[in-house]
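> Any chance you can model this:
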Amino acid sequence: MTLPDLLSLEGQIALVTGSSSGIGRATALEIARAGADVVVNYHGSPEEADAAVAEVEALGRRAIAIAADVASESEVVAMFDQAERELGALDIVVSNAGIQKDAALAEMSLDDWNAVIGVNLTGAFLVGREAVRRFRSKGLRKSVSPALGKLVFDSSVHQVIPWAYRVNYAASKGGLDLLMRSIAQEVASEKIRVNSVAPGAIATAINAEEREDDKDAMLKLIPYGRIGEPADVGRTVAWLVSDAADYITGQTLFVDGGMTLYPGFRGNG
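Numbers count the residues shown, from 1 in each chain. Next up, the predicted model:
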C-alpha cells in the first residue's frame, strides 16, 4: 500500500471526548480530514459542540454531538450506546477530556483533588474500558484496518515533569501513563492498539492568560522556539490511529517542541 492509503481513515468511525474545543476539537477535525466520521463529545457548551460538528461535516464527513461527563460510568456507557446507534461501531476512540484545578498543596481542597483525578484518570479508565469492550463486540474488519481498534489517551508532558501547585493534575497524568501501558500490554494480542500523546505548551484557552502575561518565560521552556497549536497534536493523533502506525502500541508520543529535553540544563544547568 502507498503512504496515502495507509494514512487514510476512510470508512472508520471515531469518538473523541472533550472535543468541542481546544486539542480535542483539533483532533476531531484532523481525524475527519483523514476520512473518518466523528462523534464530538462535550460536557460544557452545546453551541461549541454544534460548531465542531459543522466543521467536521464541512469536510464531507458525518458527525454528531453527544453530551456526557466522562467521570460518570453511566454517562460513558450511554455515550457509546448513542454513538453506535447513530453512526455505527467505533474503530477509534480518543480519550481527550481533561481539567485543571490549580492550588498550592497546602491550600488544595479534597474536592479539587477528586475532581481532577475523576475526569483525567478515572474518566480515562472508564472511556478506555468501554472502548475495549466495544472493539471486541465489533470484531475485526480487515477491509477497514488490520487493528481491531485504536485507543489514544491525551496525556501531558507532566506525566514525567513535576508541576508544583498542580499536584492533582501531574498525578493524574502520571497515573494515565501506566494506565495506558498496562491496557496496551493486556490487549495487544487482540490487535487493539493503545497509545498516548503528551502535549507540551499548546495555545488553548486553558493557558491563554499565562501566554499573554509571560510568553517569553514560556518560550524559554521550549527548545523549538514556538508554542504549539492544537492541530500539532491533532495531526499526531490522526497519524497514530492510521495504519501507517500499525506496529506502534504502548507508547507515548511527546508533542512538546522539546520541552521534555529540560532546556534549563543546557550548558550544565
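> Quick check: Ser242 vs Pro199, distance?
Going from Ser242 to Pro199 by CB to CB, to the nearest Å gives 19 Å. For every residue, glycine as well, the C-beta is placed using N, CA and C.
> neighbours of Ile206, just the number please.
Number of residues near Ile206 (other CB atoms under 10 Å) recorded here: 14.
> ok, now Glu212?
Close neighbours of Glu212, defined as other CB under 10 Å, add up to 8.
> please renumber so the chain begins at 525
Right, with 525 as the first residue, what we last looked at is Glu736.
> What are the boundaries of the strands in the stretch 575-724 of the chain?
For the stretch 575-724 of the chain, applying DSSP state E, counting those that start in this stretch gives strands covering 587-591, 616-619, 673-678, 716-723.
> part of a helix, is Trp763?
Yes - checked against DSSP: H, G, I helix; E, B strand; the rest coil, Trp763 lies within a helix.
> check contacts around the nearest residue to it once chain neighbours are set aside.
Sequence neighbours aside, Ala769 is the residue nearest to Trp763 in space, at 5.9 Å (criterion: CB to CB, 6 or more residues apart in numbering). Residues counted as contacts of Ala769 (CB atoms under 8 Å, 6 or more residues apart in numbering) are 717, 719, 763.
> By neighbours, which of the residues you listed wins?
That'd be Arg717 among these, by other CB under 10 Å, with 27 neighbours.
> my guess is it contacts Ser669, does it?
No - look at Arg717 against Ser669 with CB atoms under 8 Å: they stay out of range, at 9.5 Å.
> average model confidence for stretch 582-598?
Average pLDDT, stretch 582-598: 98.
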